[in-house]
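A.B. asks: I'll drop the sequence and a predicted model, then ask my questions.
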Amino acid sequence: MVLLESLSLDLGHHMPDFTLDDPFGYSYNNSDLMGDKGLLVMFTCNHCPYAIAIWNRLIQSRNSFVELGIHMVAINPNINPDYPDDSPEAMKSKIEHDRIPFPYLIDNDQKIAKAYQAQCTPDLYLLKPDMTLFYHGRLDDNWKDESAVMQHDLYDAATLLSQNQSPPDIQHPSIGCSIKWVD
């Protein structure tokens, strides 16, 4: 496992459109997924301990984000034969077992992860309705221990976005396992 940080990207940068399928064969695009106030795009996977540690928090926070007018989508860029725990079949099991309440999509050729310059799982992007970057950083200040969290960075940024305020001045990078690129 290689630990990486998300890159520092320019806020206001227009992020690429996407259309991807979930493991059940349903297709989704960013326009259809976009909430009135924004969209949280999460590059994640099934096997990375950093991603595993925050999956439940993301699932539990879905209703809070929807109340802010922000929808959520998870994208798995680790479709790599060397990582069967991240296969579409394994994704189906995770969706059903964890009752994931937002689309969990397959980035089969990793083009979307590359276009977003995603580096790790998880890598979190909060987008405005015009697909410009508002926040790119960590979920909170303690990936390992939910009970020790003192700062809710992502939710605080989402609240600012929902109130048409400026993005947070400080955006700490997300950390996680490297994306398993297929060369």
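C.D. replies: Nice, thanks for sending it over.
A.B. asks: Pairing partners for the worst-scoring helix or strand of the chain on mean pLDDT, with directions?
C.D. replies: Lowest on mean pLDDT, DSSP states H and E among the helices and strands of the chain sits strand 3-5, with a mean of 88. Strand 3-5 sits in its sheet next to strand 175-178 (antiparallel), going by DSSP bridges.
A.B. asks: quick one on the thing from earlier: how about residues contacting the least confident helix or strand of the chain?
C.D. replies: The set of residues external to strand 3-5 that reach it, using CB atoms under 8 Å, 6 or more residues apart in numbering, is 119-120, 173-178. In short, each C-beta sits where N, CA and C put it, glycine included.
A.B. asks: of these, closest to Ala90?
C.D. replies: Set against Ala90, the nearest of the contacts of strand 3-5 by CB to CB is Cys177 (15.5 Å).
A.B. asks: hang on, isn't the closest one packed against Phe43?
C.D. replies: No. Cys177 is beyond contact range of Phe43, at 11.0 Å (criterion: CB atoms under 8 Å).
A.B. asks: Give me the common contacts of the two.
C.D. replies: What both Cys177 and Phe43 touch, as defined by CB under 8 Å, 6+ apart, is the set 120-121.
A.B. asks: Please identify which of these two sits among more neighbours.
C.D. replies: Neighbours were counted for Cys177 and for Phe43 using other CB atoms under 10 Å; Phe43 has more, 27 against 22.
A.B. asks: Quick check: beta-bridge partners of the more buried one?
C.D. replies: Ile75, Asp123.
A.B. asks: mind listing what it touches?
C.D. replies: Counting by CB under 8 Å, 6+ apart, the residues that Phe43 touches are 74-77, 107, 113, 116, 118, 120-125, 179.
A.B. asks: so which of those is the most crowded?
C.D. replies: Thr121 (32 neighbours).
A.B. asks: Surely that residue touches Trp181?
C.D. replies: No. Thr121 lies out of contact with Trp181 (CB under 8 Å); the separation is 12.0 Å.
A.B. asks: what's stretch 27-39 in contact with?
C.D. replies: By CB under 8 Å, 6+ apart, the list of residues contacting stretch 27-39 from outside reads 17-22, 41, 65-66, 68-73, 103, 105, 126-129, 131, 134, 158, 161-162.
A.B. asks: Cross those residues against helices and list the overlap.
C.D. replies: Here DSSP state H is the test, and those give 65-66, 158, 161-162 as lying in helices.
A.B. asks: Mark which of the residues you listed are buried, thanks.
C.D. replies: 65, 158, 161-162 (16 or more other CB atoms under 10 Å).
A.B. asks: What is the most widely separated pair among those?
C.D. replies: The span of these, defined through CB to CB, is set by Phe65 and Leu161 at 10.1 Å.
A.B. asks: List only buried entries from the contacts of strand 3-5.
C.D. replies: Buried among the contacts of strand 3-5 by 16+ other CB under 10 Å: 119-120, 173-177.
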